[in-house]
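Undergrad: the sequence and its predicted three-dimensional model are supplied below.
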Amino acid sequence: MSEELCYLDACGAIELFRKRAISPVEVIRAQSRRIEELGPGINAFTDRYLDRAMAGARRAEAAYMNGSARQLEGISTAIKDETYLHGEVTTNGSRLLEHNLADVTDPVPERLDAAGATFCGRTTTPEFSVAAYTWSDLWGVTRNPWNHLVTPGGSSGGSAAALAAGFCTLANGTDMGGSLRIPAAMCGLVGLKASFGRIPEIPPYNVDPYVHHGMLTRSVRDTLLAYNLVSGPHPVDLMSQLPKEVVVADPLDLRGVRVGLSLDLGFYPLERDVRQNTLAFADMLRRMGAEVDTVSPGWDDRCIHTAQVHQGAQMGHMLREKFDRPECHEQLTSYARHYFALSRAAMPAAILEAHTYAQVMWESLERIFRDCDFILCPTVCTTRVPADFDYSRDSISIDGHQVDPVKGWFMTYPFNTLSRCPVLSMPSGLAQNGVPTGVQLVGRPYADAAVLRAGLAVEAECGTFINARRKPGVGEEMVREELGAGA
């Protein structure tokens, strides 16, 4: 029963809380025991608020008894150690920020708190969130609950690992190049990159169209619940001043819906199990009545250059301004120093070239959307990235092809470049090494409701991925040989 409590999704837990079949106290107690027993092997937290969470659970229990419970009352929620919580240490994975106290609260946790969520701890991130894996010199290596030798992805890897391991019921994350969707895919979770401006972000990050805030969940219905709560205009964020959208929990009828399947977006190599699971997902959509045809935007590796230049000009510039000094360098991780070096290439001519190619990318995608309602593609190209991978020194090969170690192994960031397109990452199966794979369902600009309702339809057909039948055997490491030649 204890493990079952740890793996409830938020909607299921709330339903049981309201019926008084279980209590938020029971859930927090079960998750706290699980953290104590299994947490050290996964290393998903930078700080734990278990006593505080238990006090919140007791208040939530009383609220359900007296009828005053809010929408997320008593739901244990982990908060990424990049996200500001007023008065709490926020390190962003850096030794330079080890004692940094936040003087504000980000809009997303502000809204989660107002809805009654119980914060149970802070989760790990790579330094400054500049990697698609999760380790830092400050906090060590975070490991995938499905296979401890493999990364959980990043940069929201701690949140994903905590959720997949049964340590919490919800977790937040951010996404500047796939930082929600990559760990969602590699941990068997659901992650939504909403259309830019739908979910508010704190300045100055809000002015960067690549930057998105969001949630990691065990189910699409939880993603929809969270989206309705955290989205909408916020006074601090100019970019969020779109009309509030409330998405109804009504699965989309996929009969006749047109889906364009692109396995490679024009240039990505794939591991065989990623390819097979993506094709199986497409076949499931066909069985549900969707018309799935192969498409290609015809992109090439200029996508990588476009994203690197943009991120260097925006986030890279902000970070270098603060930390690219001799007295800081010895405290930086090897990959953060490498990130700074890459970002220095963001000169005016390169920025113009990047913007020009972004327009080329959109024009090809727009032509596909003339005939398709959604685009389907993998989230990550391989599950064989070691937990301690370092793009500043290591190489990575996929299906015999050497790829860019920074961005060549995941297919998320083109949709940060084209940031007005909502993208839902959902599980598609398991790879040979026991690590989940994922697919991205990409919608037309600002069609967040359609993407979420399509995800609900899939979930209604096949159920949630992490449930009583399929969840990680936490702590059971796979043999090292199964990693293959991934690095």
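TA: Yep, it's here.

Undergrad: now do stretch 158-174: distance to the chain's middle.
TA: 10 Å (C-alpha atoms, centre = their mean, to the nearest Å).

Undergrad: start and end of that stretch, how far apart?
TA: Start to finish, the residues bounding stretch 158-174 are 12 Å apart (C-alpha to C-alpha, to the nearest Å).

Undergrad: quick one: what helix or strand has S428 in it?
TA: Here S428 sits within strand 423-430, counting by DSSP states H and E.

Undergrad: swap that for H310, sorry
TA: Using DSSP H and E, H310 sits in helix 302-311.

Undergrad: now the helix or strand harbouring A454: buried residues?
TA: Assigned by DSSP H and E, A454 belongs to helix 448-462. For helix 448-462, burial by neighbour count (16 or more other C-beta atoms under 10 Å) applies to D448, A449, A450, V451, L452, R453, A454, G455, L456, A457, V458, E459. The way it works is simple: take the backbone N, C-alpha and C, and place the C-beta from them, glycine included.

Undergrad: now, which of these sits nearest T437?
TA: Closest approach to T437 among the buried residues of helix 448-462 (C-beta to C-beta): V458, at 14.8 Å.

Undergrad: leaving out the residues flanking it, which one is nearest to the closest one?
TA: Residue nearest to V458 in three dimensions, not counting chain neighbours: M426, with 6.5 Å by C-beta to C-beta, 6 or more residues apart in numbering.

Undergrad: right, and that neighbour touches V439 too?
TA: Yes - counting by C-beta atoms under 8 Å, M426 does reach V439; the two are 6.0 Å apart.

Undergrad: quick one: list the elements packing against the helix or strand where A57 lies.
TA: In the assignment (DSSP H and E), A57 maps to helix 50-66. For helix 50-66, the packing partners by 3 or more C-beta pairs under 8 Å, 6 or more residues apart in numbering; DSSP states H and E come out as helix 10-19, helix 24-42, strand 118-123.

Undergrad: looking at these, which is closest to C421?
TA: Across the helices and strands packed on helix 50-66, C421 has its closest neighbour in helix 10-19 (25.9 Å, C-beta to C-beta).

Undergrad: if I look at the nearest residue to A454 once chain neighbours are set aside, how far off is G455?
TA: With sequence-adjacent residues excluded and distances taken as C-beta to C-beta, 6+ apart, A454 is closest to L252, at 4.8 Å. In this view, L252 and G455 are 9 Å apart by C-beta to C-beta, to the nearest Å.

Undergrad: ok, now D293?
TA: From D293 across to G455, the span is 20 Å (C-beta to C-beta).

Undergrad: doesn't V439 lie inside a strand?
TA: Yes - counting by DSSP: H, G, I helix; E, B strand; the rest coil, V439 is part of a strand.

Undergrad: surely it is in contact with I375?
TA: No - between V439 and I375 there is no contact under C-beta under 8 Å: 10.4 Å.

Undergrad: ends of stretch 84-103, how far apart?
TA: End-to-end distance for stretch 84-103, by C-alpha to C-alpha: 8 Å.

Undergrad: what comes into contact with that stretch?
TA: Outside stretch 84-103, the residues within contact range by C-beta atoms under 8 Å, 6 or more residues apart in numbering are 46-47, 79, 81-83, 104-106, 109, 119, 122, 124-129, 136-139, 202, 323, 328, 331-333, 336.

Undergrad: repeat that for 6 Å
TA: With contact meaning C-beta atoms under 6 Å, 6 or more residues apart in numbering, stretch 84-103 is reached by 81-82, 104-106, 109, 125-128, 136-138, 323, 328, 331.

Undergrad: one step back: can you list the strands that the strand holding S428 pairs with?
TA: strand 190-193 (antiparallel), strand 436-443 (antiparallel) (DSSP bridges).

Undergrad: winner for burial among the ones you listed?
TA: Ranked by mean neighbour count, the strands paired with strand 423-430 are led by strand 190-193 with a mean of 32 (mean count of other C-beta atoms under 10 Å).

Undergrad: rewinding a little: which of the contacts of stretch 84-103 are buried? Put it as a ChimeraX command.
TA: Per 16+ other C-beta under 10 Å, the buried members of these correspond to this ChimeraX selection:
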select :81,82,105,106,109,125,126,127,128,136,138,323,328,331
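
Undergrad: how about the closest residue to L430 other than its chain neighbours, what does it touch?
TA: Of all residues not flanking L430 in the chain, P436 sits nearest, at 5.8 Å (C-beta to C-beta, 6+ apart). For P436, the contacting residues are G188, P427, L430, by C-beta under 6 Å, 6+ apart.

Undergrad: please repeat the previous calculation with a cut-off of 10 Å.
TA: Contacts here follow C-beta atoms under 10 Å, 6 or more residues apart in numbering; on that basis P436 touches 144, 146-147, 164, 184-189, 277, 379-380, 383, 427-430, 465-466, 470, 472.

Undergrad: just the buried ones from the residues you listed?
TA: The neighbour count (16+ other C-beta under 10 Å) marks 144, 146-147, 164, 184-189, 277, 379-380, 383, 427-430, 465-466, 472 as buried among the contacts of P436.

Undergrad: doesn't S397 fall inside a strand?
TA: Yes - residue state for S397 (three-state DSSP) corresponds to a strand.

Undergrad: sorry, back to before: what separates the helix holding H310 from the chain centre, distance-wise?
TA: Its chain's C-alpha centre and that of helix 302-311 lie 20 Å apart, by C-alpha atoms, centre = their mean.

Undergrad: next SSE after that helix?
TA: Next in sequence after helix 302-311, counting helices and strands by DSSP H and E, comes helix 317-323.

Undergrad: give me the mean pLDDT for that following helix.
TA: Per-residue pLDDT values across helix 317-323 average out to 95.

Undergrad: just the buried residues of it, please?
TA: Result for helix 317-323 [16+ other C-beta under 10 Å]: buried residues L319, R320, F323.

Undergrad: could you dump those to a markdown table with distance to Q311?
TA: Converted to a markdown table, the buried residues of helix 317-323 look like this (distance: C-beta to C-beta, whole Å):
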| residue | distance to Q311 |
| --- | --- |
| L319 | 10 |
| R320 | 12 |
| F323 | 15 |
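
Undergrad: any idea which of the residues you listed is the one closest to R286?
TA: Nearest to R286 out of the buried residues of helix 317-323 is L319 (C-beta to C-beta; 45.1 Å).

Undergrad: I figured that closest one hits F128, correct?
TA: Yes - the pair L319 / F128 is scored as a contact, 5.6 Å apart, by C-beta atoms under 10 Å.
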